[in-house]
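*Asks:* Turn this into a model:
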Amino acid sequence: MPRPIRKAVFPVAGLGTRFLPATKAMPKEMLTVVDRPLIQVVVDEAREAGIEHFIFVTGRNKSVIEDHFDKQYELESTLRKRGKSTELDMLEMDLPGAGETSFTRQQEPLGLGHAVWCARHLVGNEPFAVILPDMIMKASPGCLAQMVSVYNERNGGNVIAVEETPWEHVHRYGVVGGTDWKANHFTITQMVEKPKREAAPSNLIISGRYILQPEIFEILDKKEAGAGGEIQITDAMKKLMEAQPFHGVRYEGTTYDCGDKVGFLAANVALALEREDIAPAFRDVLDQIISTHGGKLTWD
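*Replies:* Residues are numbered from 1 along each chain as shown. Alright, predicted model coming up:
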């Protein structure tokens, strides 16, 4: 068996400018999908996959994320006095254990690769996961759990979650090509960042979940700038691919890009419709909204 995946890195240093003014004083990772912050949703996914240590790479004005994963004695005391046992149980269930969270600072916005590099001392010399909180994966089992299963089946290496996109959109993403398909996973042989359609090896795009070996840090340590003058994780993975195997997992589920306003709204609708406590009433409200717009949502 390969070494287990015990640690996950969550890059949360971004400014969230696409959601201003909501993110002027609140981290974008604390925006809620129904009633759960984005960062909590992805931590839940990591937990399901067996992650034991949650590493957050933060920036300025992100202290509320640290507070979210801490005990709130005043709130818990008030809930206890009011007999709110359901809410208390929920808070207890969501709270990581003592010593299970670590926070480090990315002091400059130098790219995703740099953010991952900032976690190197906390990760140490073991394989780890990287989870982008903007990307909500609606799947059962979760996307990372599916990846860990493939990681074990393939006896280790590096694993990337991928999904199909229309061919006309491949130029927006990192794209992979591969061989040796087994069910929903394969060996990656090509990795291209934002290729033209005619140069793309496939229409399978990298979708915000990674399992990486610690040797990636040696490459990132060189701090070689790529696209946009930033240190890109894709560039480092391409170099690591020369020495280690990479596997792609076409995971079973749906991705919602919550760094985009439409994707964020879609995630709220999709997850709300799965909630037994609110789904019936929410469907009624959606029906009213749609009927008000003449049977379909349109813009004047």
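*Asks:* Correct me if wrong, but Glu45 is in a helix.
*Replies:* Yes - looking at Glu45 with DSSP: H, G, I helix; E, B strand; the rest coil, it is inside a helix.
*Asks:* tally of neighbours for it?
*Replies:* 23 (other Cβ atoms under 10 Å). Every residue, glycine included, has its C-beta placed from N, CA and C.
*Asks:* Kindly report the same for Glu76.
*Replies:* Neighbour number of Glu76 under other Cβ under 10 Å is 16.
*Asks:* Renumber starting at 39 from here on
*Replies:* Fine by me, first position is 39 from now on; the one you just mentioned is Glu114.
*Asks:* which residue ranges form the strands in the stretch 89-238 of the chain?
*Replies:* 91-96, 139-143, 166-169, 173-176, 196-202, 212-220, 223-231 (DSSP state E, counting those that start in this stretch).
*Asks:* quick one, which of those strands is packed in tightest?
*Replies:* strand 166-169 (a mean of 25; mean count of other Cβ atoms under 10 Å).
*Asks:* Would you map the helices across the stretch 189-338 of the chain?
*Replies:* Taking DSSP state H, counting those that start in this stretch as the criterion, the stretch 189-338 of the chain carries its helices at 254-258, 271-278, 299-310, 317-330.
*Asks:* right, so of those, which gets closest to Ala221?
*Replies:* Evaluated with Cβ to Cβ, the helices of the stretch 189-338 of the chain place helix 271-278 nearest to Ala221, the distance being 22.8 Å.
*Asks:* Report the spatially nearest residue to the residue nearest to the spatial centre of the chain, omitting neighbours in sequence.
*Replies:* With distances taken as Cα atoms, centre = their mean, Leu170 lies nearest the centre of the chain, 2.9 Å away. Residue nearest to Leu170 in three dimensions, not counting chain neighbours: Gly246, with 3.9 Å by Cβ to Cβ, 6 or more residues apart in numbering.
*Asks:* contacting residues for the one you found?
*Replies:* With contact taken as Cβ atoms under 8 Å, 6 or more residues apart in numbering, Gly246 is in contact with 169-170, 172-173, 175, 199, 293.
*Asks:* And the pLDDT at it?
*Replies:* Model confidence at Gly246, given as pLDDT, is 91.
*Asks:* Quickly note the distance from it to Leu129.
*Replies:* 27 Å (Cβ to Cβ, to the nearest Å).
*Asks:* Give me the phi and psi for the nearest residue to Lys100 once chain neighbours are set aside.
*Replies:* Closest residue to Lys100 apart from its sequence neighbours, by Cβ to Cβ, 6+ apart: Pro65 at 5.1 Å. Dihedral pair for Pro65: phi -60, psi 140, per degrees, to the nearest 10.
*Asks:* show me what contacts Pro65?
*Replies:* 50, 54, 77, 99-100, 102-103.
*Asks:* For those residues, which two are the farthest from each other?
*Replies:* Across the contacts of Pro65, the two members that end up farthest from each other (Cβ to Cβ) are Ile77 and Asn99, 14.3 Å apart.
*Asks:* More neighbours: which of these two?
*Replies:* Taking other Cβ under 10 Å, Ile77 and Asn99 do not tie; Ile77 has more neighbours (24 against 14).
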